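K.L.:
build me a model:
(one chain, ligands or ions: 2)
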Amino acid sequence: YKKITTKSLIDMKANGEKISMLTAYDFTMAKIVDTAGIDVILVGDSASNVMAGHETTLPITLDQMIYHASSVVRAVDRALVVVDLPFGSYQSDSKEALRSSIRIMKESGGHAVKLEGGREIESSIKKILNAGIPVMGHLGLTPQSIYKFGTYTVRAKEEEEAEQLLEDAKMLERIGCFALVLEKIPAKLAQKVAESISIPVIGIGAGGGVDGQVLVLHDMIGMTHEFSPRFLRRYMNLFEDMTKAIGQYAADVKSKDFPNANEQY
Ligand code: KIV
Ligand code: NA
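P.N.:
Ligands and ions are numbered 1, 2, ... in the order given. This is a model prediction of the structure:
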């Protein structure tokens with residue numbers, strides 16, 4: 001695939017090729033992620049935590065999401081760029097949801113939007129899709145609802161919530177979503193969902209029986225170090241490596257080792 005489209009992802013699922021997805025919030029990181037060959041870059045509202053230091057995803061604004069997304073889009077040649085609709089930009093009614101989605105598409109140049117929720121936002125998703133904007137769904141642990149859940153533990157462990165989730169996933173496929181994120185649910189349920197629908201299911205903490213995986217970039221490269229859920233695989237420990245490098249630089253400045261004769265004019 002020279003350039004990833006929503007159609008490429010659906011083809012990948014049909015061909016049994018797993019989909020790789022990571023977050024990015026800025027130009028420099030997005031350039032690295034795209035160069036590495038990641039299929040989908042998510043401008044997640046996790047920027048609220050990772051970039052701004054908020055405890056939840058709720059405070060980030062639509063303007064801030066557009067700023068992050070436009071920076072990412074400028075860096076990307078191949079990946080599909082999906083942008084989260086932040087809390088408060090789509091829940092009031094379907095008109096607000098469409099207006100926010102149009103702003104993202106026009107002002108950032110992103111390729112698709114992602115919204116958290118199922119049946120409760122069905123009419124909003126339909127309206128966005130009717131405008132020609134591709135929509136990725138997001139079910140399971142939906143962090144914008146953290147104050148309703150009260151906890152970040154695994155969702156849909158009980159029969160009732162699991163059945164609702166499966167129905168919501170089928171609805172999202174029926175109305176025309178091109179893909180779906182499942183966050184922190186039992187692997188068995190996630191696999192059942194993936195087998196029940198033909199659009200790709202991308203998991204985070206949802207096991208290996210789905211069609212692709214997503215992680216928060218700063219977590220998988222170990223830039224963040226306080227967040228350690230079981231589903232997170234750390235490929236680097238950049239917090240440690242960067243702290244050492246920066247400490248060395250500080251020491252070199254203090255000791256007058258930096259700059260040396262070759263590092264000046
Ligand atoms: O905002 C985000 O990073 C996300 C992923 C965890 C799916 O929504
Ligand atoms: Na998100």
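K.L.:
spatially nearest residue to whatever residue of the chain ends up closest to ligand 1 (excluding sequence neighbours)?
P.N.:
With C-beta to the nearest ligand atom, the shortest gap between the chain and ligand 1 falls at residue 44, namely 2.3 Å. Where C-beta positions appear, they are placed from N, C-alpha and C, glycine not excepted. Leaving aside its sequence neighbours, residue 44 sits nearest to residue 23 (C-beta to C-beta, 6 or more residues apart in numbering; 4.4 Å).
K.L.:
so who does the residue of the chain closest to ligand 1 touch?
P.N.:
Contact analysis of residue 44 by C-beta atoms under 8 Å, 6 or more residues apart in numbering lists 23, 25, 84, 216.
K.L.:
for the residue nearest to residue 44, what are phi and psi?
P.N.:
In terms of degrees, to the nearest 10, the main-chain angles of residue 23 are phi -80, psi 160.
K.L.:
correct me, but it touches residue 220?
P.N.:
No: contact criterion C-beta atoms under 8 Å: residue 23 and residue 220 do not qualify, at 9.3 Å.
K.L.:
look at the two and report which has more neighbours.
P.N.:
Taking neighbours as other C-beta atoms under 10 Å, residue 23 and residue 220 compare with residue 23 leading, 28 against 18.
K.L.:
got the contact list for the residue nearest to residue 44?
P.N.:
Per C-beta under 8 Å, 6+ apart, neighbours of residue 23: 41, 42, 43, 44, 46, 47, 50, 214, 215, 216, 217, 218.
K.L.:
how does it look with 6 Å?
P.N.:
Contact analysis of residue 23 by C-beta atoms under 6 Å, 6 or more residues apart in numbering lists 42, 44, 46, 216, 217.
K.L.:
now stretch 48-65: buried residues?
P.N.:
48, 49, 50, 57, 58, 60, 62, 64, 65 (16 or more other C-beta atoms under 10 Å).
K.L.:
how far out from the middle of the chain is it?
P.N.:
Distance of stretch 48-65 from its chain centroid, counting by C-alpha atoms, centre = their mean, to the nearest Å, is 13 Å.
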